[in-house]
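A.B. asks: predicted model follows, preceded by the sequence.
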There are 2 protein chains.
Amino acid sequence: MSHPELEGYHGEILEHLRKARARIGNLIRVTSKTGDVHEGYLFPRYQYGDQHHVVLKLRNGYNVGIHLGRTEKIEVIGEGEKPKFTKAPPLPKQFRLPRVSIISTGGTIASRVDYRTGAVEPALSAEELASVVPELESIAEIDAHILYSEYSENLTPEHWTGMAEEAARKISRGADGIIITHGTDTMHYTAAALSFALQHLPVPVILVGAQRSSDRPSSDAATNLTGGTAIAAAADMAAVGVAMHEEISDHHIIAHKGTRVRKCHSSRRDTFKSIETRPLARYDLTTHRLETMDSGTKRDKKRQLTLKPSFDPSAYLLKSYPGFDHRSIDSAIQQGARGIVLEGTGLGHVPRTSYDSISHAVRKDIPVFMTSQTIWGRVDMNVYSTGRDLLNLGVAPLEDMIPETALVKLMWTLAQTKSPDEIRRLMLEPVAGEIIPRTPYLMEEVH
Amino acid sequence: MSHPELEGYHGEILEHLRKARARIGNLIRVTSKTGDVHEGYLFPRYQYGDQHHVVLKLRNGYNVGIHLGRTEKIEVIGEGEKPKFTKAPPLPKQFRLPRVSIISTGGTIASRVDYRTGAVEPALSAEELASVVPELESIAEIDAHILYSEYSENLTPEHWTGMAEEAARKISRGADGIIITHGTDTMHYTAAALSFALQHLPVPVILVGAQRSSDRPSSDAATNLTGGTAIAAAADMAAVGVAMHEEISDHHIIAHKGTRVRKCHSSRRDTFKSIETRPLARYDLTTHRLETMDSGTKRDKKRQLTLKPSFDPSAYLLKSYPGFDHRSIDSAIQQGARGIVLEGTGLGHVPRTSYDSISHAVRKDIPVFMTSQTIWGRVDMNVYSTGRDLLNLGVAPLEDMIPETALVKLMWTLAQTKSPDEIRRLMLEPVAGEIIPRTPYLMEEVH
């Protein structure tokens, strides 16, 4: 039995809400036995199984989940009027906050549930995205608009080009920081892409996503957007970063360097991790303290951005494993690969059954690069005979570049030049922290 | 200028050794300014750049690196006699230690440098492998032999079959535990394979490798073998595990469950990590305390092993990324794929440009499974439209199975049955901890 007016609620709580004649979108008041009162607009639920919480959108824009026992009293105190968020008139120039442009591309963070119809809308409008997080107005002067409306698994290198061009446009118009809201699935690929496309950045470009949509009491959309905006507005650095929860709790938003970040959990809010590098900046959600951790390049609005937004997707990432079919390399060649990144094992190895196919690629002037599926650590192809064999075949080791970043850099490099030698040279030239040069010899006991 | 008699040494230290007329393999004595004396056989070096350490093999079988300043005195006190390691005569039966069989398959742990010729030998003989770690004799009665002599990147599913059969043979002859020494590159793939091939194990089967070969002062070969043997001999559990350093330091050897372990660093000694599960056992190298952490199945020599050692390698692991060429799926089909594991993004997604190729595979009765490249976390294809689309196409989500384990399980499953329906059923039936059933609904705030 479906109850569209109470979508997502079931069991006891459904009965409780029906008795109170509550409907999604109504302004309701919940009074607990101990006298605690919560008022807000009733949200639909999409989390299966929970029969204990109602979700309310409070007047301040936050969503809360309220545990509903048998003893709580529910009253409908208003119809589903959409709360109005009106922007304050602009302050005189001398009091102005930093200007942050929000570019929305889709994903969970931009999804919302219409609390009158219960339908999931693909994207918040520019004004709405900013207005559902009222704190933003205290951090920056926001302008926001929708560029794309896609879940990130459907974003392509062409979208990276569009985002880079849009960010460059906003920067040329004086933005003090850019926020790109983005699905989390491939946010790290986009972050790497923008790191190569937007060189000599004058201000930060921060990607922000959410692991929980806004109809869930634990949504991280507002906190990530708040912290990301603070970092974009005020951190004293100028790089592409990914800003998300540092921990499961709502304590810190951390910005990871765009070329050294990876989504490492399918559902946790602290899913993004910096891979063997210091994050860019941290924002404390409680104290509002902003800490710039990596100011390798400080912000400087006079710096002239170099825009190199093109990508050629004819790059392949092939992961090696026991029983790996070397014909996968042959197929990539036949499909028009202009370059191949191998995700080898350990220090950068593949089975010797792949040698002929690799050799074939190299002879056809298709550069072949080596990374490691260990994710952490550096490839080193001088240690074992397999590595030396592969070096002799012409495979180029990519130091400590993570496989996903290596793929994106190859797509970018392929768009910069037609020359295989130049492709190999560019791949090994650090552009945006994607390669951390090997430190001078340290005692082997140390690492 | 090459100095074969002092291979790997250069700079000041080379001069120092040449003045002392030392050669690789000589028994030498190093006396420091403060009177500390070290005696041992001079080892060659392969670590580039270090000009400060000589490596000696001590008479007790250990290797040490000694910092050599200008003030240390070096004397040659003997020619390169190979030290003899003789086994003690067997104890009367009532005093016998547990019996552990060591099966060597190659890799760094089985590599050694002949300290007279300086050449790297591919494998230690059975007696030698045990004898270079004299502690083993105090832990277990050891028998050891060489099954393969391959770096693990060249091991194939056929080798897994051979290892499973060999382990089963040793168990049938009464071993209290099995050690398989193995290259670390693909040790986790083999561990998963043996977990499926050796069901209802009566005793532990522990894979042991090394990240540093025995010519390096920081070699972890001896400590890993010691801890692994203690776990195989005495931990009160019966599962396939991978035993390596828990930390960088020499404090603990930890055994990870074979289906939930991954190599996560290209060079660190603590490279193997348990993925969202408790390890099997821990051995303290200082106190010799052995802790069984997961005794889901206790050791029981009366339990009857079920051996299912076959694998069919016609399984493909395909990783999705922005710009992923759906023709890679078509190629796998053409190459004879009998099953495909997708390594999707986030909760289990691939670009919609791949839908037709996936659909084509499913129509051809080639089962397609979903895992996540986030590694940690569980796929959940009910949350977003992409996931629901893929479910509708017939893609089967593999819960929290890690991609490498899913590939190995698919190779194993393909060898158990020809029926696509049965393949799908077996893949989702937990055999060896590869799937941890979803816990009953927890507050979404928790995870």
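C.D. replies: Cool, got the structure.

A.B. asks: averaged over its residues, which helix or strand of chain A has the lowest pLDDT?
C.D. replies: strand A:120-121 (a mean of 50; mean pLDDT, DSSP states H and E).

A.B. asks: buried ones in stretch A:270-281?
C.D. replies: By 16 or more other C-beta atoms under 10 Å in any protein chain shown, the buried positions in stretch A:270-281 come out as A:270-275, A:279-281. Yep, even glycine has a C-beta here, placed from its N, CA and C like the rest.

A.B. asks: could you do stretch A:391-402 as well?
C.D. replies: So for stretch A:391-402, counting by 16+ other C-beta under 10 Å, buried means A:393, A:395-402.

A.B. asks: swap in stretch A:14-25?
C.D. replies: A:16-17, A:20, A:22-25.

A.B. asks: I'd say residue A:390 and residue A:350 touch.
C.D. replies: Yes - with contact defined as C-beta atoms under 8 Å, residue A:390 reaches residue A:350; the gap is 7.0 Å.

A.B. asks: what sits in contact with each of those two?
C.D. replies: residue A:358 (C-beta atoms under 8 Å, 6 or more residues apart in numbering or on different chains).

A.B. asks: for the residue of the stretch 151-300 of chain A found nearest chain B, which non-adjacent residue is closest in space?
C.D. replies: As assessed by C-beta to the nearest C-beta, chain B sits closest to residue A:266 within the stretch 151-300 of chain A, at 3.1 Å. With sequence-adjacent residues excluded and distances taken as C-beta to C-beta, 6 or more residues apart in numbering or on different chains, residue A:266 is closest to residue B:377, at 3.1 Å.

A.B. asks: tell me if I'm right that the one you found and residue A:265 touch.
C.D. replies: Yes - counting by C-beta under 8 Å, residue A:265 is a contact partner of residue B:377 at 4.3 Å.

A.B. asks: overlap in contacts of those two?
C.D. replies: Listed contacts common to residue B:377 and residue A:265 are residue A:271; contacts here mean C-beta under 8 Å, 6+ apart.

A.B. asks: can you get me a residue count around the closest residue to residue A:186 other than its chain neighbours?
C.D. replies: Nearest residue to residue A:186 in three dimensions, chain neighbours excluded: residue A:152, at 4.3 Å (C-beta to C-beta, 6+ apart). A total of 29 residues lie near residue A:152 under the criterion other C-beta atoms under 10 Å in any protein chain shown.

A.B. asks: contacts only, for residue A:152.
C.D. replies: Contacts for residue A:152 (C-beta under 8 Å, 6+ apart) come out as A:105-107, A:182-187, A:190, A:209, B:345.

A.B. asks: at 10 Å what do you get?
C.D. replies: By C-beta atoms under 10 Å, 6 or more residues apart in numbering or on different chains, the contact set of residue A:152 is A:105-108, A:159, A:182-190, A:207, A:209, A:263, B:322, B:345-346, B:349, B:351, B:386.

A.B. asks: just the ones of those in helices?
C.D. replies: A:159, A:187-190, B:386 (DSSP state H).

A.B. asks: max pairwise distance over those: which two?
C.D. replies: A:188 and B:386 (17.7 Å; C-beta to C-beta).

A.B. asks: more neighbours: which of those two?
C.D. replies: Neighbours were tallied for residue A:188 and for residue B:386 using other C-beta under 10 Å; the higher tally belongs to residue A:188 (30 against 25).

A.B. asks: doesn't residue A:369 belong to a strand?
C.D. replies: Yes - the assignment for residue A:369, made by DSSP: H, G, I helix; E, B strand; the rest coil, places it in a strand.

A.B. asks: thought it was touching residue A:337?
C.D. replies: No - Residue A:369 is beyond contact range of residue A:337, at 11.8 Å (criterion: C-beta atoms under 10 Å).

A.B. asks: these two: which is more packed in?
C.D. replies: Between residue A:369 and residue A:337, counting by other C-beta under 10 Å, residue A:369 is the more crowded of the two (28 against 22).

A.B. asks: contact partners for the more buried one?
C.D. replies: A:315, A:317, A:339-342, A:344, A:348, A:379, A:395-398, A:401, A:403, A:406-407, A:409-410, A:413, A:423-424, A:427-428.

A.B. asks: let's see which of the residues you listed end up in helices.
C.D. replies: A:403, A:406-407, A:409-410, A:413, A:423-424, A:427-428.

A.B. asks: what about residue A:289, neighbour count?
C.D. replies: Look at residue A:289: counted by other C-beta under 10 Å, it has 11 neighbours.

A.B. asks: next one: residue A:438
C.D. replies: Other residues close to residue A:438 by other C-beta under 10 Å number 12.

A.B. asks: next: residue A:285.
C.D. replies: For residue A:285, using other C-beta under 10 Å, the count is 20.

A.B. asks: and what of residue A:197?
C.D. replies: There are 27 residues near residue A:197, going by other C-beta under 10 Å.

A.B. asks: kindly report the same for residue A:409.
C.D. replies: 28.

A.B. asks: contact partners of the helix or strand residue A:29 falls within?
C.D. replies: Using DSSP states H and E, residue A:29 falls within strand A:27-31. Residues outside strand A:27-31 that contact it (C-beta under 10 Å, 6+ apart): A:17, A:20, A:22, A:36-42, A:54, A:56-57, A:59, A:64, A:66-68, A:71-81, A:83.

A.B. asks: list the contacts of the residue in the stretch 301-447 of chain A positioned nearest to chain B.
C.D. replies: Residue nearest to chain B within the stretch 301-447 of chain A (C-beta to the nearest C-beta): residue A:377, separated by 3.0 Å. The neighbours of residue A:377, taking C-beta under 10 Å, 6+ apart as the test, are A:275-276, A:346-348, A:400, A:447, B:263-268, B:271.

A.B. asks: quick one: which of those is most hemmed in?
C.D. replies: Neighbour counts for the contacts of residue A:377 (other C-beta under 10 Å) peak at residue A:348, which has 34 neighbours.

A.B. asks: hmm, back to that, among the buried residues of stretch A:270-281, which pair sits farthest apart?
C.D. replies: A:271 and A:281 (18.1 Å).

A.B. asks: quick one on the thing from earlier: mutual contacts of residue A:369 and residue A:337, please.
C.D. replies: Joint contacts of residue A:369 and residue A:337 (C-beta under 10 Å, 6+ apart) are A:315, A:410.

A.B. asks: and of the buried residues of stretch A:14-25, the nearest to residue B:299?
C.D. replies: Among those, and counting by C-beta to C-beta, the member closest to residue B:299 is residue A:16, at 52.7 Å.

A.B. asks: dihedrals phi and psi, the closest one?
C.D. replies: Note on residue A:16: its backbone torsions stand at phi -60, psi -50 [degrees, to the nearest 10].

A.B. asks: ok, it - contacts?
C.D. replies: Counting by C-beta under 10 Å, 6+ apart, residue A:16 has contacts A:9, A:22, A:51, A:54, A:68-70, A:72-74.

A.B. asks: residue A:145 - that's part of a strand, no?
C.D. replies: Yes - according to three-state DSSP, residue A:145 belongs to a strand.
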